[in-house]
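Student: curious how this folds, go ahead:
(one chain, ligands or ions: 3)
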Amino acid sequence: MQLDEHLKILGVNGALHEVVIACAEGVFDIAGVVHTGEVSGYAGTQNVFGENQLKLDVVSNDLLTAELQKVASVHMIASEELDNEQELHADGEFSVAFDPLDGSSLVDVNFAVGTIIAIYPKGSFIGKKASEIHVAVVAVYGPRTTLFVAVAGKGVHQYLLTSGGFELQKEKIQVDDEGKYFAPGNLRACAKNPQYQELVNYWLANQYTLRYSGGMVPDINHILVKGKGVFTYPGYSDEPHGKLRLLYECGTMSFLMVEAGGAASDGVMSLLDKPLEHLDQRSPIFVGSKKEVEKALEFFIMG
Ligand code: AHG
Ligand code: MN
Ligand code: MN
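Tutor: Ligands and ions are numbered 1, 2, ... in the order given. As a prediction, this is how the structure comes out:
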């Protein structure tokens with residue numbers, strides 16, 4: 001079954017259906033430039049996070065923005081690669097936030113990368129929480145291009161990009177409450193954050209299997225597809241909030257995981273309930289199987 005037909009079965013119709021399909025079109029376009037390798041090198045510009053943009057970051061941003069521009073029901077957009085949120089259509093019903101290419105620095109070593117998109121109610125993103133997301137669309141560009149679509153209250157579904165379009169692969173993906181896979185981001189923080197070192201020691205002492213690539217999307221994709229595990233990217237003294245962005249990465253990936261029966265925290269509160277204070281806000285993240293997130297937090301709360 002094709003994505004557009006399955007969306008209707010999930011009750012995603014009208015303007016929201018249009019926006020989700022535009023996101024999928026954008027993913028299709030980005031998959032093309034990622035896999036053909038025609039775009040390489042640095043753009044010579046920096047994003048609002050002070051990161052040097054790859055041409056692929058900018059091209060991916062422009063491809064997705066162009067698809068959203070075509071849809072009158074898109075009110076505002078915000079992108080990891082844009083300095084400010086932008087109004088596309090004054091009467092639009094939905095605002096869309098995205099990281100057009102997550103893990104872009106991994107493309108030149110041919111690791112998997114992704115696109116992270118969240119469809120919110122209209123208006124500015126400031127003050128919004130991930131719990132308000134209507135639909136999340138997350139793509140994984142690996143040996144295959146796959147797509148997760150998480151619909152609020154209707155679960156997470158996976159599609160495979162075939163010559164015929166996005167074909168439904170698996171409905172209602174669910175993660176178990178526990179499972180011994182760990183994806184420890186920001187391991188360098190162990191040098192200054194003994195609680196993280198203790199948590200890593202716990203995983204090793206209990207023979208957890210390491211599954212970490214350095215790409216947040218493929219690393220969390222592994223938890224969803226295998227149905228268990230935990231991904232962490234904590235902060236430490238130099239970077240108390242870590243590196244990952246609340247709006248473009250943590251919020252959306254947390255919404256995805258919770259819709260699949262998992263949990264997500266910043267170490268203190270659920271990442272679904274954390275209101276956005278500013279577009280470039282960063283957040284620590286502990287996300288995955290419920291009991292694995294709880295166990296990880298024990299080491300941080302105890303400390
Ligand atoms: P982006 O390429 O969009 O900037 O995001 C990369 C992120 C995320 O994919 C990954 O989990 C994290 O960077 C890895 O960070 P380190 O390089 O600090 O390990
Ligand atoms: Mn990213
Ligand atoms: Mn990015």
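Student: roughly how far apart are Ser237 and ligand 2?
Tutor: As judged by C-beta to the ion, to the nearest Å, Ser237 and ligand 2 stand 23 Å apart. C-beta: built from backbone N, CA, C; applies to glycine.
Student: which element, helix or strand, includes that residue?
Tutor: Assigned by DSSP states H and E, Ser237 belongs to neither a helix nor a strand.
Student: how close does it get to Glu198?
Tutor: According to C-beta to C-beta, to the nearest Å, Ser237 stands 16 Å off from Glu198.
Student: neighbour count for these two, which is higher?
Tutor: Glu198 (15 against 9; other C-beta atoms under 10 Å).
Student: what are the ranges of the helices in the stretch 101-250 of the chain?
Tutor: In the stretch 101-250 of the chain, the helices defined using DSSP state H, counting those that start in this stretch lie at 194-205, 216-226.
Student: for the helix or strand harbouring Ala24, packing partners?
Tutor: Assessed by DSSP H and E, Ala24 sits inside helix 14-36. Applying 3 or more C-beta pairs under 8 Å, 6 or more residues apart in numbering; DSSP states H and E, one finds that helix 14-36 contacts helix 3-9, helix 55-69, strand 94-102, strand 113-121, strand 135-141, strand 145-151, strand 155-162.
Student: after it, which helix or strand is next?
Tutor: strand 42-46.
Student: between that next one and helix 55-69, how many degrees?
Tutor: Note on geometry: by axes from the mean of the first three to the mean of the last three C-alpha atoms, to 10 degrees, strand 42-46 and helix 55-69 are set 70 degrees apart in direction.
Student: which strands or helices does strand 42-46 pack on?
Tutor: Partner elements for strand 42-46 (3+ C-beta pairs under 8 Å, 6+ apart): strand 52-54, helix 55-69.
Student: check which residues of the shortest one are buried.
Tutor: Within strand 52-54, the residues scored as buried using 16 or more other C-beta atoms under 10 Å are 53-54.
Student: tell me if it is near ligand 1.
Tutor: No - applying C-beta under 6 Å from any ligand atom, one finds strand 52-54 separated from ligand 1 by no less than 8.5 Å.
Student: follow-up on the earlier one: I'd like the helices and strands packed on strand 42-46 as JSON lines, with mean pLDDT and distance to Gln86 appended.
Tutor: JSON lines is the format used below for these (pLDDT from 0 to 100; distance: least, C-beta to C-beta, whole Å):
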{"stretch": "strand 52-54", "mean pLDDT": "92", "distance to Gln86": "17"}
{"stretch": "helix 55-69", "mean pLDDT": "97", "distance to Gln86": "8"}
